[in-house]
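Student: got a structure for you, letters missing:
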DNA sequence: AAATCGGGGGT
DNA sequence: ACCCCAGATTT
């Protein structure tokens, strides 16, 4: 049997029941694909349900405020996905008069939609003959064909895209694309793949050569840096605190946080006081500072580890940018801040 | 070509 | 500690 036939047959038997598999509405498919970028289905699923419920059409999403979109995205990470999603919804709704792009080339023009996502939407919704190449596809193809080109090199990206394109069936492109991804996720897994009962075992070169655990090959990534974050949790007598919007580029753009003192080394209370008294946020004569978490919280991101302390700063009154603590849960915040807010219970 | 952008889960 | 996840964008 042919490679694509085996996968499509396997898929018809083993595919999971997922909500975005019950529709070809490009808006829903788009939503699901953005949510699932670098995200496991288990983590993304509840977010998908929330988004289609709160924003049933692209127009509803376009009319929302960005901060409300980010609030619903809170905890999912890679927040540029949410900002670009909202930006593109406005683009579709206004510039395209609500008409969703109908082919790969036009889909690519959407912010946040790259080769993978454009191929996924075009094939699933419009049966266009474009191959998806995600982490699953890299794994299945590198093993089956014993390809050692690093999957995150320029050469590898081109090579695997061309191969995936050649392997496409003549019809039902969307089903085949989903089949090879599902196969990679459930059968040809990164560790402990089920090679003993695999419909592709016969032709799998990596299995024959006992190289399954060495493929796919990947270039090493840069090491993580270490930073020290000191968040100042202000508390005034009249129940206010301060949240600031992160407007600069970088992590957590357009999310909110407590005023932050970032440092190369761990700061003690005197260092905090020194910097605090240089601001105009408090009355120097009458305030108190205490450390909330004796043990640093080490928040691990893919490329940096944030050693975090929360400092409670009690003061009589706050004027600048202060918000009511009763409203604090309405702001989109990084999960690091969100966890603190849950625990602190204002 | 390499770095950046999150958070959760597995080994 | 290191890797992976229905990747895209910026540097």
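Tutor: That came through, no problem. Quick caveat, the model's predicted, so the values are computed rather than measured. Residues are numbered from 1 along each chain as shown, chains lettered A, B, ... in the order given.
Student: hey, let's count contacts and neighbours off CA atoms from now on
Tutor: OK.
Student: what helix or strand is residue A:290 on?
Tutor: Element membership of residue A:290 [criterion: DSSP states H and E] is strand A:287-291.
Student: before we move on, what SS does residue A:326 have?
Tutor: Three-state assignment for residue A:326 (DSSP: H, G, I helix; E, B strand; the rest coil): helix.
Student: so it sits against residue A:346, correct?
Tutor: Yes: shown here, residue A:326 and residue A:346 form a contact pair, counting by C-alpha atoms under 8 Å, at 7.4 Å.
Student: okay, these two: which has more neighbours?
Tutor: Neighbours per residue, other C-alpha atoms under 10 Å: of residue A:326 and residue A:346, the larger number sits with residue A:346, 14 against 11.
Student: please name the nearest non-neighbouring residue to the more buried one.
Tutor: Using C-alpha to C-alpha, 6 or more residues apart in numbering and skipping residues adjacent in sequence, the residue nearest residue A:346 is residue A:325, 6.4 Å away.
Student: can you tell me the number of residues neighbouring residue A:5?
Tutor: Neighbours of residue A:5 using other C-alpha under 10 Å come to 14.
Student: which bits of the stretch 101-250 of chain A sit near DNA strand B?
Tutor: Contact residues, the stretch 101-250 of chain A versus DNA strand B (C-alpha under 7 Å from any atom of the strand): A:153-155, A:191-192, A:221-222, A:249-250.
Student: so can I have JSON lines of those showing distance to residue A:297?
Tutor: Output for these, formatted as JSON lines (distance: C-alpha to C-alpha, whole Å):
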{"residue": "A:153", "distance to residue A:297": "35"}
{"residue": "A:154", "distance to residue A:297": "37"}
{"residue": "A:155", "distance to residue A:297": "40"}
{"residue": "A:191", "distance to residue A:297": "30"}
{"residue": "A:192", "distance to residue A:297": "33"}
{"residue": "A:221", "distance to residue A:297": "25"}
{"residue": "A:222", "distance to residue A:297": "23"}
{"residue": "A:249", "distance to residue A:297": "24"}
{"residue": "A:250", "distance to residue A:297": "21"}
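Student: how about those residues, which pair is most distant?
Tutor: Farthest apart among these by C-alpha to C-alpha are A:192 and A:249. That separation is 39.2 Å.
Student: tell me which residues of stretch A:280-299 come out buried.
Tutor: For stretch A:280-299, burial by neighbour count (16 or more other C-alpha atoms under 10 Å) applies to A:281-282, A:289, A:291, A:296-298.
Student: also stretch A:128-146?
Tutor: Across stretch A:128-146, burial judged by 16+ other C-alpha under 10 Å covers A:128-134, A:136-144, A:146.
Student: equivalent analysis for stretch A:109-119, please.
Tutor: Residues A:110-113, A:115-119 are the ones in stretch A:109-119 that count as buried (16+ other C-alpha under 10 Å).
Student: next one: stretch A:270-280
Tutor: Across stretch A:270-280, burial judged by 16+ other C-alpha under 10 Å covers A:272, A:276.
Student: coming back round to it: would you format the residues of the stretch 101-250 of chain A next to DNA strand B as TSV with pLDDT, neighbour count and secondary structure included?
Tutor: What follows is those, written out as TSV (pLDDT from 0 to 100; neighbours: other C-alpha atoms under 10 Å; DSSP: H, G, I helix; E, B strand; the rest coil):
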residue	pLDDT	neighbour count	secondary structure
A:153	96	13	coil
A:154	96	10	helix
A:155	97	11	helix
A:191	96	8	coil
A:192	96	10	coil
A:221	79	8	coil
A:222	79	8	coil
A:249	95	8	coil
A:250	95	9	coil
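Student: contacts only, for the residue of chain A most remote from its centre.
Tutor: Using C-alpha atoms, centre = their mean, the residue of chain A lying farthest from its centre is residue A:285. It sits 44.8 Å away. Contacts of residue A:285 were listed using C-alpha atoms under 8 Å, 6 or more residues apart in numbering, and none were found.
Student: repeat that for residue A:269.
Tutor: Neighbouring residues of residue A:269 by C-alpha under 8 Å, 6+ apart: A:289-291.
Student: closest to DNA strand B among the residues you listed?
Tutor: DNA strand B has its nearest neighbour among the contacts of residue A:269 in residue A:291, at 21.5 Å by C-alpha to the nearest atom of the strand.
Student: hmm, back to that, what's the first helix or strand after the strand holding residue A:290?
Tutor: Following strand A:287-291 in sequence, per DSSP H and E, is strand A:297-300.
Student: check whether the helix or strand following that next one contacts DNA strand C.
Tutor: Following strand A:297-300 in sequence order, the next helix or strand is strand A:304-315 (DSSP H and E). No: counting by C-alpha under 7 Å from any atom of the strand, DNA strand C has no neighbours in strand A:304-315; the shortest distance is 9.5 Å.
Student: repeat that for stretch A:87-100.
Tutor: No: Stretch A:87-100 is not in contact with DNA strand C by C-alpha under 7 Å from any atom of the strand; minimum separation 9.5 Å.
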